[in-house]
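Asker: Sequence isn't available, so here's the structure alone:
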């Protein structure tokens, strides 16, 4: 306490002149002294303790304190610091003999590491995927436990960004099984979320809603609040946001907005930054864009883009760019919107993300039509449909089919009627009146242009008549306009 170095170089010079044994001893003594000084403290200097025990070659206490330091960094959303600390903790654990106890410790560390890796590098970055693969390997070797359950939940994020929804559903059901064996409500929430999300994108909207709704009913922000401390995610807002998205496509646009607003309010109250960005991008962005509420969507995009930039969350920075492209293309300049979407989607591809690409290519193609290049938009949709069929993303496959039929009608392709009829059937199969209405509206336009107004009305009127809300949304306003024109 009495002396200090005038420059760090003096310290490094003198430290380098110490014999290796002396350095080990001094680090151990410093670590033990700090332990004694802060034994009763609720906030010991865990970073310093980890450093000194690591330099002293004392692996066990170094692991313990480095893990605590990394988990504290996760709670503070200091993701880059968390990665550095937790990756070093993994390296230390790997020096231990292979035993089930060692595997359990590595699993706990990698569960804590998963969130920061996804936040900083992206869902599908090699670092995140490598960590996810090791989590799966450890889960297969260990008996069911809370840590195993959390590891399975993290694996779901890796599968979701690869649009591997079938496998994601299987892992989520495995997680539900672990939750049931342990009688753990938090794991049941995570498992139900995974099943509901996977079912939604796999084109089983009703089943997806039921699972998401059940998970949210179980969710308790207080008793399950530890999830945001351990995983950097609150769970509840994310569940409700995706159920709002699901609800829109099941034909309830107004109900979807109420759920979306609740999800955002909950995320604002609970945090952390990742969960708030997630809720704002899905509930504030996706749901509003689907309704055609571009001004409202823009406000939410501004908010989560600013958070993502401050917190170094690159996935959400790109998401904001894609959303802004859709908004710009519809309210300002289609060409500017196309460039924003294309650049954002390319950024996702470079991160290894496969999910959401097909979904937003539909918006990109629609803007090509608005820019007077319907043929180019049709080429985009046709190419993307081949890619989407390689994944489990049935929702986007149907959305692509609807968009493709609309552009085929616009360019006068004689096969447009067949494609639109098939798109209506596909929409019915996945349980989406919203997509069915869009397809029926385009088919009614096609028939009306042929002079078959009565037939056009018979196609569109029953689909439009099913709806009980959302009559101010873009799709319903457009459908009503067509019905008026055909005299129905």
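Answerer: That came in fine, so what should we check first? Keep in mind it's a predicted model, so treat the numbers as computed, not measured.
Asker: Give me the most central residue, this protein.
Answerer: Among the residues of the chain, the one closest to the centroid is residue 278, at 6.5 Å (C-alpha atoms, centre = their mean).
Asker: Show me what the mean pLDDT comes to for the strand or helix carrying that residue.
Answerer: Taking DSSP states H and E as the definition, residue 278 sits inside helix 273-279. Helix 273-279 shows a mean pLDDT of 91.
Asker: tell me how far that helix is from the chain's mean position?
Answerer: Mean-position distance between helix 273-279 and its chain equals 9 Å (C-alpha atoms, centre = their mean, to the nearest Å).
Asker: what helices or strands is it leaning on?
Answerer: Applying 3 or more C-beta pairs under 8 Å, 6 or more residues apart in numbering; DSSP states H and E, we find helix 273-279 packed against helix 236-249, helix 253-270, helix 294-311. C-beta: built from backbone N, CA, C; applies to glycine.
Asker: Just the buried positions in stretch 27-42, please.
Answerer: Buried residues in stretch 27-42, counting neighbours by 16 or more other C-beta atoms under 10 Å, are found at 27, 28, 30, 31, 32, 34, 35.
Asker: I meant stretch 269-287, not that one.
Answerer: If you call a residue buried by 16+ other C-beta under 10 Å, then stretch 269-287 has these buried ones: 270, 272-287.
Asker: And the contacts of the helix holding residue 278?
Answerer: If you take C-beta atoms under 8 Å, 6 or more residues apart in numbering as the criterion, helix 273-279 is touched by 77, 115, 119, 228, 232-235, 237-238, 240-241, 263-264, 266-268, 304, 307-308, 310-311, 313, 316.
Asker: Mark which of the residues you listed are buried, thanks.
Answerer: Judged by 16+ other C-beta under 10 Å, buried ones among the contacts of helix 273-279: 77, 115, 119, 228, 232-235, 237-238, 240-241, 263-264, 266-267, 304, 307-308, 311, 313, 316.
Asker: Near residue 180, how many other residues are there?
Answerer: Residue 180: 13 surrounding residues under other C-beta atoms under 10 Å.
Asker: Need phi/psi at residue 412.
Answerer: phi 80, psi 30 (degrees, to the nearest 10).
Asker: actually residue 38, not the one I typed
Answerer: When read as degrees, to the nearest 10, the backbone of residue 38 gives phi -110, psi 20.
Asker: what residues are up against it?
Answerer: 44, 45.
Asker: And it, how far from residue 65?
Answerer: 11 Å (C-beta to C-beta, to the nearest Å).
Asker: Now do stretch 66-76: everything it contacts.
Answerer: With contacts defined as C-beta under 8 Å, 6+ apart, stretch 66-76 is touched by 46-47, 50, 54, 79, 81-82, 85-86, 88-89, 92, 108-109, 112-113, 115-116, 229-232.
Asker: in stretch 332-350, what's buried?
Answerer: Buried residues in stretch 332-350 (16+ other C-beta under 10 Å): 334, 335, 337, 338, 339, 340, 341, 342, 344, 345, 347, 348.
Asker: measure the closest residue to the third one other than its chain neighbours to residue 477 for me?
Answerer: Counting by C-beta to C-beta, 6 or more residues apart in numbering, residue 337 lies nearest to residue 329, which is 2.3 Å off, once chain neighbours are set aside. Applying C-beta to C-beta, the value for residue 329 to residue 477 is 18 Å.
Asker: Looking at those two, which has the bigger crowd around it?
Answerer: Per other C-beta under 10 Å, whichever of residue 329 and residue 477 has more neighbours is residue 329, with 25 against 12.
Asker: And the next helix or strand past the helix or strand hosting residue 358?
Answerer: If you go by DSSP H and E, residue 358 is part of helix 357-370. Proceeding N to C from helix 357-370, the next assigned helix or strand is helix 374-388, under DSSP H and E.
Asker: any residues touching that following helix, and which ones?
Answerer: Residues from elsewhere that reach helix 374-388 (C-beta under 8 Å, 6+ apart): 357-358, 361-362, 364-369, 396-397, 400-401, 403-404, 407-408, 410-411, 413.
Asker: Just the buried subset of the residues you listed, please.
Answerer: Among these, those classed as buried by 16+ other C-beta under 10 Å are 357-358, 361-362, 364-369, 396-397, 400-401, 403-404, 407-408, 410, 413.
Asker: still on that earlier bit, return the members of the contacts of stretch 66-76 classed as buried.
Answerer: Here, 16+ other C-beta under 10 Å leaves 46-47, 50, 54, 79, 81-82, 85-86, 88-89, 92, 108-109, 112-113, 115-116, 230-232 buried among these.
Asker: chain center to the helix or strand hosting residue 151: distance?
Answerer: Taking DSSP H and E as the definition, one finds residue 151 inside helix 146-161. Taking C-alpha atoms, centre = their mean, one finds the center of helix 146-161 at 13 Å from the center of the full chain.
Asker: Can you name every helix or strand that the helix or strand just after it contacts?
Answerer: Next helix or strand after helix 146-161 toward the C-terminus (DSSP H and E): helix 165-182. Contacting helix 165-182 under the criterion 3+ C-beta pairs under 8 Å, 6+ apart are the following elements: helix 146-161, helix 185-201.
Asker: So, low pLDDT: which residues of the stretch 201-350 of the chain?
Answerer: Scanning the stretch 201-350 of the chain for pLDDT under 70 picks out the ranges 229-232.
Asker: quick revisit: list of residues touching the helix holding residue 358?
Answerer: Contacts of helix 357-370 (C-beta under 8 Å, 6+ apart): 289, 322, 325-326, 329-330, 334-335, 337-338, 341-342, 344-345, 348-349, 374, 376-378, 380-381, 384-385, 387-388, 391, 393, 395-397, 399-400, 402-403, 406-407, 410.
Asker: Stretch 77-86 too?
Answerer: Residues from elsewhere that reach stretch 77-86, judged by C-beta under 8 Å, 6+ apart: 47, 50, 66-67, 69-71, 73-74, 109-110, 112-113, 115-117, 119-120, 232, 272-274, 311-312.
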